[in-house]
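Colleague: Structural data only, the sequence is not supplied:
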């Protein structure tokens with residue numbers, strides 16, 4: 001564990017350490033957010049694909065009925 005006294009001896013290293021921790025947190029947060037968005041969007045794509053297939057089948061059925 002890093003103690004406050006070590007930061008007082010060398011404040012530049014302390015600030016760099018804090019910056020590194022902030023960058024690591026932002027990287028983790030960004031990655032988690034993107035993973036959640038991909039999962040959510042994949043569910044929407046699955047739903048829209050099913051709806052698209054249903055609509056295509058309806059159009060095919062209508063076309064077949066008209067050509068009888």
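Modeller: Now that the structure is in, tell me what you want to look at. Computed from a predicted model, the values in this text were never measured in an experiment. Residues are numbered from 1 along each chain as shown.

Colleague: what ranges do the helices span in the chain?
Modeller: 4-9, 11-66 (DSSP state H).

Colleague: Return the member of the ones you listed having the minimum mean pLDDT.
Modeller: Of all the helices of the chain, helix 4-9 carries the lowest average pLDDT, namely a mean of 80.

Colleague: Show me what that one is in contact with.
Modeller: Applying C-beta atoms under 8 Å, 6 or more residues apart in numbering, the contact partners of helix 4-9 are 13, 14. C-beta coordinates here come from the backbone N, C-alpha and C atoms, glycine included.

Colleague: ok, now with 10 Å
Modeller: 3, 13, 14, 15, 17, 18 (C-beta atoms under 10 Å, 6 or more residues apart in numbering).

Colleague: hmm, which two among those are most spread apart?
Modeller: 3 and 15 (15.8 Å; C-beta to C-beta).

Colleague: out of those two, which sits in the busier spot?
Modeller: Between residue 3 and residue 15, counted using other C-beta atoms under 10 Å, residue 15 has the larger neighbour count: 11 against 8.

Colleague: Could you measure from the more buried one over to residue 4?
Modeller: Counting by C-beta to C-beta, to the nearest Å, the gap from residue 15 to residue 4 is 13 Å.

Colleague: cool, and residue 32?
Modeller: With C-beta to C-beta as the criterion, residue 32 and residue 4 are 30 Å apart.

Colleague: which of the two has more neighbours?
Modeller: residue 32 (10 against 7).

Colleague: Relative to residue 65, how far out is that one?
Modeller: Residue 32 sits 51 Å away from residue 65 when distances are taken as C-beta to C-beta.
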